[in-house]
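# Sharing a model prediction with you, sequence too.
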Amino acid sequence: ERKESLRSKVNTLRHLLSNESLQLFPDFLQRKAVLRKLGYIDEKETVSIKGRVACETNTCEELIVTELVFEGLLNELDPEEIVAVLSALVFQ
């Protein structure tokens, strides 16, 4: 009986320490899926060049700035327009 009780406690502790018991784990998995879909990480969860650029971007909207750069949306703008777009993303 004591052996069964200990086994039950071990199983309970294993579950509590597992990823599935974490409340935010589903949110984490969804965020990871978005990063994979957008090309920031690959199927092996290695950070891509796009992901590295996002990591080095120091704004509150790292993904938006990175997408603007990699999609070439800033290429056709004048320098003043680029500054206006980027300042809108860092304004707090």
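Received, thanks. Fair warning: this is a prediction, and the values are worked out from it, not measured in the lab.
# how close does residue 24 get to residue 62?
Residue 24 is 20 Å from residue 62, where distance means CB to CB, to the nearest Å. From N, CA and C alone the C-beta is placed, and that goes for glycine too.
# If you count surrounding residues, which of those two has more?
The residue with more neighbours, out of residue 24 and residue 62, is residue 62; 17 against 8, by other CB atoms under 10 Å.
# secondary structure element for the residue lying closest to that one once chain neighbours are set aside?
Spatial nearest neighbour of residue 62, excluding adjacent residues (CB to CB, 6 or more residues apart in numbering): residue 54 at 4.6 Å. Assigned by DSSP states H and E, residue 54 belongs to helix 49-56.
# And that helix, what's buried?
50, 51, 54 (16 or more other CB atoms under 10 Å).
# Relative to the whole chain's centre, how far out is the longest helix along the chain?
Using DSSP state H, we find that the single longest helix of the chain is helix 2-17. From the chain centre to the centre of helix 2-17 is a distance of 34 Å (CA atoms, centre = their mean, to the nearest Å).
# for that helix, what is the average pLDDT?
Averaging pLDDT along helix 2-17 gives 87.
# ok, residues contacting it?
For helix 2-17, the external contacting residues (CB atoms under 8 Å, 6 or more residues apart in numbering) are residue 21.
# Restricting to C-alpha, output that helix in CSV.
The C-alpha coordinates for helix 2-17 follow below in CSV (Å, rounded to 0.1, in the frame of the first residue of the first chain):
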residue,chain,number,x,y,z
ARG,A,2,2.8,2.4,0.8
LYS,A,3,4.5,1.5,-2.4
GLU,A,4,1.3,2.4,-4.4
SER,A,5,1.0,5.7,-2.4
LEU,A,6,4.5,6.7,-3.3
ARG,A,7,4.0,5.7,-6.9
SER,A,8,0.9,7.8,-7.1
LYS,A,9,2.8,10.8,-5.6
VAL,A,10,5.6,10.3,-8.1
ASN,A,11,3.2,10.3,-11.0
THR,A,12,1.5,13.4,-9.6
LEU,A,13,4.8,15.2,-9.3
ARG,A,14,5.8,14.2,-12.8
HIS,A,15,2.6,15.6,-14.2
LEU,A,16,3.1,18.9,-12.2
LEU,A,17,6.6,19.2,-13.6
